[in-house]
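A.B. asks: Give me the fold of what follows.
(one chain, ligands or ions: 1)
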Amino acid sequence: MFRLKEARDVVFECGPECGCGPDCGNRVSQKGIKYKLQVFCTPNKGWAVRTLETIPAGAPVCEYIGVLRRSDEVDNDTGNSYIFDIDCKQTIHGIEGRKRRLGHVPLPTNSPVDDKITENEAEFCIDGSSYGNVARFINHSCEPNLFIQCVLSDHTDINLARVMLFASKKIPPRQELTYDYGYQLDSVMGSDGNIKKMPCHCGADLCRKRLY
Ligand SMILES: C[S@@+](CC[C@H](N)C(=O)[O-])C[C@H]1O[C@@H](n2cnc3c(N)ncnc32)[C@H](O)[C@@H]1O
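C.D. replies: Prediction:
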């Protein structure tokens, strides 16, 4: 069984051009959800997801699925909380809000994705509001048990990478699954130009007290 001990810059998987077939071990993000997960209701965070069985550290848990959209076409004021920015550039370089998630992880100088990385904000996002899977119900924690991994399989455009969630530690049955949403505080603005704030209820000892 495939295990990823820590986040890498990018995971390159086999794709349609490889000719290796669906049973190839290098198609982790294409094999679906392997663990029994349950959506449940929390008192203060809305819906959430927990595992019903032990998930080993490094195991792939699920992909964040949704409709691919251009970020500049998403209206931040609609309250759509199921938008996942494909900001692998930030994940890779560990800048701004996502810095906490990975630390500074420089790209290899000969990386085939390096020239695709722009300094702009995420150009595309995954919108899980109208179509998606269990990943859209996974909440934020300041001390998460999942990490985000960008995956490329059928192209090399990092701006359109697939987004996978992996277990960062062994997760026992009934524990809620969480990842760090990685917002930089005071980075979310409403259309009125005012900073939007959302309290965090993750309950972690080192909780930052706000999602954004
Ligand atoms: C991707 S959705 C997660 C599923 C959501 N709880 C639901 O009921 O559909 C993100 C939203 O969940 C809530 N949320 C997630 N993590 C939270 C946290 N640590 N504290 C408070 N609210 C949280 C916020 O409303 C956030 O905008």
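A.B. asks: Grab the nearest non-local neighbour of residue 196.
C.D. replies: Closest residue to residue 196 apart from its sequence neighbours, by Cβ to Cβ, 6 or more residues apart in numbering: residue 188 at 4.5 Å. The way it works is simple: take the backbone N, C-alpha and C, and place the C-beta from them, glycine included.
A.B. asks: Tell me, how many residues neighbour the closest residue to residue 36 other than its chain neighbours?
C.D. replies: The spatially closest residue to residue 36, leaving aside those adjacent along the chain, is residue 52, at 4.1 Å (Cβ to Cβ, 6+ apart). Residue 52 is flanked by 11 other residues according to other Cβ atoms under 10 Å.
A.B. asks: separation between residue 52 and the ligand?
C.D. replies: 18 Å (Cβ to the nearest ligand atom, to the nearest Å).
A.B. asks: before we move on, the earlier item: from what I can see the residue nearest to residue 196 touches residue 195, true?
C.D. replies: Yes. Between residue 188 and residue 195 there is a contact under Cβ atoms under 8 Å: 7.0 Å.
A.B. asks: higher neighbour count, these two?
C.D. replies: Per other Cβ under 10 Å, whichever of residue 188 and residue 195 has more neighbours is residue 188, with 14 against 11.
A.B. asks: per-residue confidence at that one?
C.D. replies: Here, the pLDDT recorded for residue 188 equals 84.
A.B. asks: center of this protein - which residue?
C.D. replies: Taking Cα atoms, centre = their mean, the centroid of the chain lies closest to residue 148, which sits 4.2 Å from it.
A.B. asks: doesn't that residue fall inside a strand?
C.D. replies: Yes. The assignment for residue 148 (DSSP: H, G, I helix; E, B strand; the rest coil) places it in a strand.
A.B. asks: List the beta-bridge partners for it.
C.D. replies: residue 165 (DSSP bridges).
A.B. asks: isn't the residue nearest to residue 36 right next to residue 39, touching?
C.D. replies: No. Counting by Cβ under 8 Å, residue 52 stays clear of residue 39, with 11.2 Å between them.
A.B. asks: Is stretch 161-169 positioned near the ligand?
C.D. replies: No. Using Cβ under 6 Å from any ligand atom, we find that stretch 161-169 stays clear of the ligand, coming within 11.9 Å at best.
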